[in-house]
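J.: My questions are about this predicted structure, shown below with the sequence.
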Amino acid sequence: MPTVAFLTAGCMLPGHPDLREDHWEHDREFLPLQAACRARGIDLRAVVWDDPSLTPSDYDALVLGTTWDYAEQPQAFLAALEAFSRQRPLFNPLPVVRWNMRKTYLRALAERGLPVVPTLWRSNADASTIARAFDELGVDEIVVKPVVGASAWRQARLRRGDPLPPVDALPPGETMIQPFLHAAVNEGEFSFLFFDRVFSHCAQKIPRAGDYRVQSMYGGREEAYRPSEAERALARQVLEAVDGPLLYARVDMMRGPDGRLALMELELIEPYLYPDQGPDFGAFYAAALERQLGR
């Protein structure tokens with residue numbers, strides 16, 4: 001029976017001094033995946049990615065799971081993945097991770113004609129950069145995000161003329177700035193889940209009243225969503241722009257002012273897979289992993 005390491009973060013596991021508020025999502029995702037893999041003869045084991053005792057050669061492959069602290073230490077994370085991938089197959093593969101880690105991949109996808117939310121790419125989020133962004137985008141409300149980040153970390157929603165938040169609440173370096181889409185508070189965001197490019201399910205992520213962030217740690221909730229054929233086709237079109245094998249992919253989209261879906265994120269590193277909205281997600285995942293392992 002092949003043994004596969006499901007890489008997670010220490011802060012996702014009980015007993016960690018800095019346990020994340022959303023740590024419960026690790027078990028919600030991992031346990032069904034582990035059971036589905038076991039049913040296909042694959043031993044999936046949760047392993048902390050930066051644990052010094054981790055020995056890649058003990059496993060037949062490694063998959064990126066709930067490594068949700070990587071944005072705070074991206075260079076160490078990449079160095080670890082480089083070391084892992086020299087010894088065993090890594091899913092998703094290292095070149096995909098490198099490309100997807102910096103959100104500048106959205107610019108590449110936009111250049112290929114995909115509908116991406118308009119974005120300014122700037123070296124920092126200082127006061128003058130933010131002030132100019134309102135005019136450059138022609139809007140009175142924006143969102144500033146780090147180019148390397150996840151889970152709304154150091155992200156801010158800003159209105160023209162409002163005082164800026166503290167520096168430590170803004171991106172620490174390279175910044176992307178987008179118009180604030182009011183669909184964020186009206187209907188939220190849609191996540192399309194694929195395993196080995198096979199569609200599994202879609203989740204509608206809805207923020208709590210008065211917020212725009214959809215993550216559970218900010219009070220967001222999810223519902224199953226049945227996308228139209230056109231919406232599924234658009235999500236597939238995004239995936240077709242990425243070469244190479246993909247064990248999993250999550251295409252996050254939101255409705256723009258024209259009423260059409262636009263790409264917010266293409267999550268290829270450590271996306272939450274919304275198991276409650278896809279009761280068969282484990283079977284899709286395990287079958288995809290079996291194919292990736294060449295069994």
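T.: Happy to help now that I have it.
J.: How about Lys205, nearest residue that isn't a chain neighbour?
T.: Closest residue to Lys205 apart from its sequence neighbours, by C-beta to C-beta, 6 or more residues apart in numbering: Val214 at 3.7 Å. Yep, even glycine has a C-beta here, placed from its N, CA and C like the rest.
J.: The one you found - how many residues pack around it?
T.: 23 (other C-beta atoms under 10 Å).
J.: Check Glu187 too.
T.: Residues within reach of Glu187, counting by other C-beta under 10 Å, total 15.
J.: again, but for Glu21
T.: For Glu21, using other C-beta under 10 Å, the count is 10.
J.: Likewise for Leu261?
T.: Neighbours around Leu261, by other C-beta under 10 Å: 23.
J.: and it, what does it touch?
T.: Going by C-beta atoms under 8 Å, 6 or more residues apart in numbering, Leu261 touches 115, 190, 231, 234, 253-255.
J.: Can you list which of those residues are found in strands?
T.: Assigned to strands by DSSP state E, the following of the contacts of Leu261 qualify: 190, 253-255.
J.: low-scoring pLDDT stretches of the stretch 1-150 of the chain, where are they?
T.: Along the stretch 1-150 of the chain, segments meeting pLDDT under 70 span 149-150.
J.: mind listing the helices in it by residue range?
T.: Secondary structure of the stretch 1-150 of the chain (DSSP state H, counting those that start in this stretch): helices at 24-39, 74-85, 94-101, 105-111, 127-137.
J.: So for the first one, what gets flagged as buried?
T.: It stands for helix 24-39. 25-26, 28-30, 32-34, 36-37 (16 or more other C-beta atoms under 10 Å).
J.: just the third one next, same as before
T.: The neighbour-count check on helix 94-101 (16+ other C-beta under 10 Å) flags 96-97, 99-101 as buried.
J.: Kindly present those residues as JSON lines, with separate columns for distance to Asp126.
T.: Output for those, formatted as JSON lines (distance: C-beta to C-beta, whole Å):
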{"residue": "Val96", "distance to Asp126": "32"}
{"residue": "Val97", "distance to Asp126": "30"}
{"residue": "Trp99", "distance to Asp126": "28"}
{"residue": "Asn100", "distance to Asp126": "27"}
{"residue": "Met101", "distance to Asp126": "24"}
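J.: Which one of those is nearest to Ala127?
T.: Nearest to Ala127 out of the buried residues of helix 94-101 is Met101 (C-beta to C-beta; 27.6 Å).
J.: give me every residue that touches that closest one.
T.: 74, 78, 148, 269.
J.: swap the cut-off to 7 Å and go again
T.: 74, 148, 269 (C-beta atoms under 7 Å, 6 or more residues apart in numbering).
J.: ditto for Leu44
T.: Leu44 is in contact with 4, 6, 33-34, 37, counting by C-beta under 7 Å, 6+ apart.
J.: what's the answer for Pro207, then?
T.: 184-185, 188, 213-214, 218, 220.
J.: same question, Gly161
T.: Going by C-beta under 7 Å, 6+ apart, Gly161 touches no other residue.
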